[in-house]
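Visitor: 3D model of this:
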Amino acid sequence: MIAASQPQKILRSWFFLFVRWAAAALILGLLLHLLPVAPLRAALARVPLTRLIAVLLIYLVALTGGITKWHIVVNSAGAQLKFAASAQCYTSGLFGALFLPSIIGGDVARLAVGISHSPRPAAVITGNVADRFLDVAAQLTLVSIGLSLLPGSLPVSLQAPAKHVLIAGVLAAAVFLSAVLLLLRPLLRGRSLRFRRRIAQVRHAIRSVLRRPQRLLTGWLLGTSVQGTYILLTALLGVSCGLALPLRVWLFAWPLAKIAAVVPITQGGIGVREAALVVLLAPFGAPASQVLATGIVWEGIIITAGLLAGLTAFLLRRAACNSAHS
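Guide: The predicted structure is shown next:
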């Protein structure tokens, strides 16, 4: 029975992968249909190959900052991972995000590798969740900086929605934390001893993280720096595409577009991120064709880096196996 259901699961996984890529192609196709093709082609042709290579190299360097952040936060929870193992986990997640839904799929791949390397799986899971919270905090920090720099130049049509988004984000976080505190005891009541032990391990990992606030601060600073580097690179590609926008506009729009791409509608948020950027930058007078061209080039950088991350994860795994056998 189990053997018979396994091919069905594989077939279902491939089906949903096809659907997500088809949804990404559909959204991009609609954007290409609605926007004039000639300006888009001209904007793409303006990007020199040397700049693409330079942006890719800087992007890869920034990824090492992301690996360092994840390594620090996960080990703060007691995962006891070596840096090479953390690098393998992180690069596996980047590669997995190309084939699994949104960043959630990347986290699944990252955790699968991390749990196999750590003597404390609960610490890996808790540390990864804490790392994601730091990513959200970094995104909100950059949006707040962008809003603080745009008090007079923010379009009237975006002033009220921007405030509503920030207020909604703070309220959602408060409601989530309150619900966890209120429902924790009722959810644990009547559970098995094995389940309680796992919860106790997670609780211990959470306390380990909270006992090291300086590491959380370091992780937040690293996350903000990495995300800020991505914004600078996107703005640089925008200039190459003929899109001259102040950096404060990118600080406001780019994190919001990335948050919108988290919804697992398409593969890795492809198409959703570009559509969100077109909508968010339109009130600032940004030509939609040049915004879309910037988004397409940036997706090329992400996909190329994801493939290189997969190769890196494979090489790290092979090196670990060779060292274990020697």
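Visitor: chain neighbours aside, what residue packs nearest to residue 240?
Guide: residue 47 (4.4 Å; CB to CB, 6 or more residues apart in numbering). For glycine as for every other residue, the C-beta is placed from the backbone atoms N, C-alpha and C.
Visitor: helix, strand or coil for that neighbour?
Guide: coil (DSSP: H, G, I helix; E, B strand; the rest coil).
Visitor: ok, now how distant is it from residue 19?
Guide: Applying CB to CB, to the nearest Å, the value for residue 47 to residue 19 is 31 Å.
Visitor: residue 229 now?
Guide: With CB to CB as the criterion, residue 229 and residue 19 are 33 Å apart.
Visitor: neighbour-wise, which of those two wins?
Guide: Taking other CB atoms under 10 Å, residue 229 and residue 19 do not tie; residue 229 has more neighbours (17 against 14).
Visitor: number of nearby residues for residue 75?
Guide: Neighbours of residue 75 using other CB under 10 Å come to 22.
Visitor: where do the helices of the stretch 101-250 of the chain begin and end?
Guide: 102-117, 121-148, 156-188, 193-210, 213-240, 247-260 (DSSP state H, counting those that start in this stretch).
Visitor: and these, which one is worst for confidence?
Guide: The minimum mean pLDDT among these belongs to helix 193-210 (a mean of 58).
Visitor: now residue 121. Nearest residue, chain neighbours left out?
Guide: residue 115 (4.3 Å).
Visitor: pretty sure the one you found is touching residue 123, no?
Guide: No. Using CB atoms under 8 Å, residue 115 is not in contact with residue 123; the gap is 9.7 Å.
Visitor: who's more crowded, the two?
Guide: residue 123 (27 against 18).
Visitor: from residue 246, how far out is residue 87?
Guide: 36 Å.
Visitor: out of the two, which sits in the more crowded spot?
Guide: More neighbours surround residue 87 than the other of residue 87 and residue 246, with 21 against 14 (other CB under 10 Å).
Visitor: can you check what angle separates the helix or strand containing that one from helix 121-148?
Guide: According to DSSP states H and E, residue 87 maps onto helix 83-96. Orientation of helix 83-96 against helix 121-148 (axes from the mean of the first three to the mean of the last three CA atoms, to 10 degrees) gives an angle of 60 degrees.
Visitor: and the contacts of helix 83-96?
Guide: Helix 83-96 is contacted by residues 63, 66-67, 70-71, 74-75, 81, 105-114, 117-118, 305-307, 309-310, 312-313, 316-317, 319-320 when judged by CB atoms under 8 Å, 6 or more residues apart in numbering.
Visitor: may I see the buried residues of it?
Guide: 85, 86, 87, 88, 89, 90, 91, 92, 93, 94, 95, 96 (16 or more other CB atoms under 10 Å).
Visitor: for the stretch 1-150 of the chain, which spans come out with low pLDDT?
Guide: Applying pLDDT under 70 to the stretch 1-150 of the chain flags the ranges 1-6, 9-10, 13, 101-105, 150.
Visitor: pretty sure residue 238 is touching residue 296, no?
Guide: No. Residue 238 is beyond contact range of residue 296, at 11.7 Å (criterion: CB under 8 Å).
Visitor: on that earlier part again, can you put the buried residues of helix 83-96 in TSV and add distance to residue 211?
Guide: What follows is the buried residues of helix 83-96, written out as TSV (distance: CB to CB, whole Å):
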residue	distance to residue 211
85	23
86	20
87	25
88	27
89	23
90	24
91	29
92	28
93	26
94	30
95	33
96	31
